[in-house]
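Colleague: give me a 3D structure for the following:
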Amino acid sequence: MDVADAVALYAAGWFPMDDEGADELPWYAAEERATLPLDAAFRAGLHRRLRRDVRACADLHLTVSLEYPRVLDLCAAPPTAGEGVWISARLKRLYLALHRAGVAHSFELRDAQGELAAGILGIVLGRAALLESMRKVRPRAGNALLVSTLDHLAERGFTLCDIQLPTPHTLRLGAELVPRGEYERRLSAALGRG
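Modeller: Okay, here's the model as predicted:
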């Protein structure tokens, strides 16, 4: 699959999830899409809920796409207990091609020595951030990175933060389930089409 086809699918509300038995990379459009609000009230509440994590990671700073291949490798690494991995070799190749095209980005929390504490992979189209995968190296850094990433997106005028499918953790944090039609409307507006 080439970059233009992948971008068109993302822009139409689809996302990839590999199935090693499939000849081609499968794409899906969920009937309900999980999103994280970017408004100030939601982010303030998230800061309060995760204040211990944010405080524990006060020595870390956010960078964007400084170490995309390293974050991709981290997210694609074999799982530790209880974690799943879904980034196959062909999905990894696609993400690297999207990164070279300026569409795929990483959000990273790093310490003063530049050591990676956590990373998020995402696709950025217009004012939509489609977050694909996150992995932490340091305890509490995943939640702290999420808070920093949402603030970063909101400060830059993003209107949609998609996390595809909910997990019990993201639902506890306040992820919203958006019906497919409403999600496509929000995505279209974030892409400047509506």
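Colleague: centre-most residue in the protein?
Modeller: In the chain, the C-alpha nearest the mean C-alpha coordinate belongs to Leu131, at 1.7 Å (CA atoms, centre = their mean).
Colleague: tell me the secondary structure at that one.
Modeller: Following DSSP: H, G, I helix; E, B strand; the rest coil, the label given to Leu131 is strand.
Colleague: enumerate every residue touching it.
Modeller: Neighbouring residues of Leu131 by CB atoms under 8 Å, 6 or more residues apart in numbering: 120-122, 149, 161-164. Bear in mind the C-beta positions are built from the backbone N, C-alpha and C, glycine included.
Colleague: make it 7 Å
Modeller: For Leu131, the contact set (CB atoms under 7 Å, 6 or more residues apart in numbering) comprises 120, 122, 161-163.
Colleague: try Leu46
Modeller: Leu46 is in contact with 147, 150, 173-174, counting by CB under 7 Å, 6+ apart.
Colleague: check the residues you listed and tell me the two furthest apart.
Modeller: Checked with CB to CB, those reach their widest spread between Val147 and Gly174, with 11.8 Å between them.
Colleague: who's more crowded, the two?
Modeller: Remark: of Val147 and Gly174, Val147 carries more neighbours, 21 against 13, as counted by other CB atoms under 10 Å.
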